[in-house]
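> Make a model of this:
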Amino acid sequence: MNSSFALALHGGAGTISRTLMTTAAEQGYRQALQAALEAGYDVLRQGGPALDAVEIAVRSLEDCPLFNAGRGAVFTHEGHHEMDAAIMDGRDRAAGAVAGARTVQNPIRAARLVMEKTDHVLLAHPGNDALAREHGLPTQPAAYFFTQHRYDQLQEARADGKMRLDHSEAKAPLPTEDPKKKMGTVGAVARDQHGNLAAATSTGGMTNKRYSRIGDSPIIGSGTFADNRTCAISCTGHGEFFLRAVVAHDISCLMEYRGLSLAEACRIVVHEKLAPVGGEGGLVAVDGLGNIALPFNSDGMYRASLSSASPLYIGIYKD
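Got it, this is the predicted structure:
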């Protein structure tokens, strides 16, 4: 019996420049990634399920204002937050997701509620927040989700009349940020000691988004997918492209139907299918054997991994 276990996570991808990242900012990101990784990995090490591991890892990232999810979510055009999340169990492909959540502290917990407490897969606002309240999940007022730099990004985007991917193209970037773009989504994938896979993804979406825009993160098969027979995937990038390419499920299909390895299937989708059409971003993935892949076609991706067979890895830029 293969009792190996593995966890990988991401905190967003895009134009992440060494030259514009301060030492203090880089240390902050690395510490946050490691804290989330260790929280999820502890579950796996103790024999716990992959589903719990990915939820706990994502919750840690949602609680950190550095990332565009939960507490650090970006603002919509109207000046509030609309958060999306999804979780999937590779054992039976059970899944739950929320779109446009506004008050639940941890959208990934609401997504799991949808999976376990309803007959549905995806719930929109206001129903997802109502479900969270009914089951006693912590909710927060708008002030909890407010961060000054996200609010400043909204003012820049409003002035330009554009929608932005996370920190993109601010006229006066913060010292910790690249003036181009980062895709802010968080996610995690895991294989537990019992051979089960799981994936979870959470995001605040795009700065200045309108009309209740929803990206790939809460869409099963696009931004999130898990199947014990193949792999678990969590994506980050320009959601519209990931939606059109059905990225997460495509990787699984390449493994199932063509017999490709995890690494090769990820390479084909990220570099040969997405990149040529402008689909910038990346993903984290794990297969049924505990192999990990962290591909991206952007300048950088906040990422971390750890397994029973490989040491702690934390990356931000292209290695």
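> which stretches of the stretch 201-319 of the chain form strands?
224-226, 231-237, 281-287, 292-293, 300-307, 313-317 (DSSP state E, counting those that start in this stretch).
> what do you get for the stretch 51-200 of the chain?
Under DSSP E, counting those that start in this stretch, the stretch 51-200 of the chain gives strands at 83-89, 94-101, 122-124, 182-183, 185-191, 197-203.
> Compare the mean pLDDT across the ones you listed and name the weakest.
Per-stretch mean pLDDT for the strands of the stretch 51-200 of the chain is lowest at strand 182-183 (a mean of 58).
> The closest residue to residue 35 other than its chain neighbours and residue 156, how far apart?
The shortest distance from residue 35 to any non-neighbouring residue, by C-beta to C-beta, 6 or more residues apart in numbering, is to residue 60 (5.9 Å). Where you see a C-beta, it was placed from the backbone N, CA and C, and this is true even at glycine. Using C-beta to C-beta, to the nearest Å, we find residue 60 at a distance of 29 Å from residue 156.
> Looking at those two, which is more packed in?
residue 60 (23 against 19; other C-beta atoms under 10 Å).
> Check what pLDDT the more buried one gets.
98.
> With residue 169 instead?
Confidence score, pLDDT, at residue 169: 40.
> Do a quick rundown of the helices in this protein.
Per DSSP state H, the chain carries helices over the ranges 23-45, 50-62, 107-117, 127-134, 142-145, 148-160, 239-245, 247-258, 262-267.
> right, so those: which one is the most enclosed?
Highest mean neighbour count of those: helix 50-62, a mean of 28 (counted as mean count of other C-beta atoms under 10 Å).
> counting contacts, what elements does that one pack onto?
Secondary-structure packing of helix 50-62 (3 or more C-beta pairs under 8 Å, 6 or more residues apart in numbering; DSSP states H and E): strand 6-14, helix 23-45, strand 83-89, helix 107-117, strand 185-191, strand 197-203, strand 231-237.
> quick one: which of these is nearest residue 284?
Proximity to residue 284 (C-beta to C-beta) singles out strand 6-14 among the helices and strands packed on helix 50-62, at 4.1 Å.
> and that closest one with helix 50-62, angle?
Going by axes from the mean of the first three to the mean of the last three C-alpha atoms, to 10 degrees, strand 6-14 is angled at 40 degrees with respect to helix 50-62.
> Which elements pack onto strand 6-14?
Using 3+ C-beta pairs under 8 Å, 6+ apart, strand 6-14 sits against helix 23-45, helix 50-62, strand 182-183, strand 185-191, strand 231-237, strand 281-287, strand 300-307.
> and the last one, C-alpha only, in PDB?
Spelled out, that is strand 300-307. In PDB, the C-alpha atoms belonging to strand 300-307 read as follows (Å, rounded to 0.1, in the frame of the first residue of the first chain):
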ATOM      1  CA  GLY A 300       5.800  34.200 -11.100                       C
ATOM      2  CA  MET A 301       3.400  32.300  -8.900                       C
ATOM      3  CA  TYR A 302       3.200  32.200  -5.100                       C
ATOM      4  CA  ARG A 303       3.500  28.500  -4.400                       C
ATOM      5  CA  ALA A 304       4.600  25.900  -1.800                       C
ATOM      6  CA  SER A 305       4.700  22.100  -1.500                       C
ATOM      7  CA  LEU A 306       5.600  19.400   0.900                       C
ATOM      8  CA  SER A 307       5.300  15.600   0.800                       C
END
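> Quick check: buried residues in it?
For strand 300-307, the neighbour count (16 or more other C-beta atoms under 10 Å) marks 300, 301, 302, 303, 304, 305, 306, 307 as buried.
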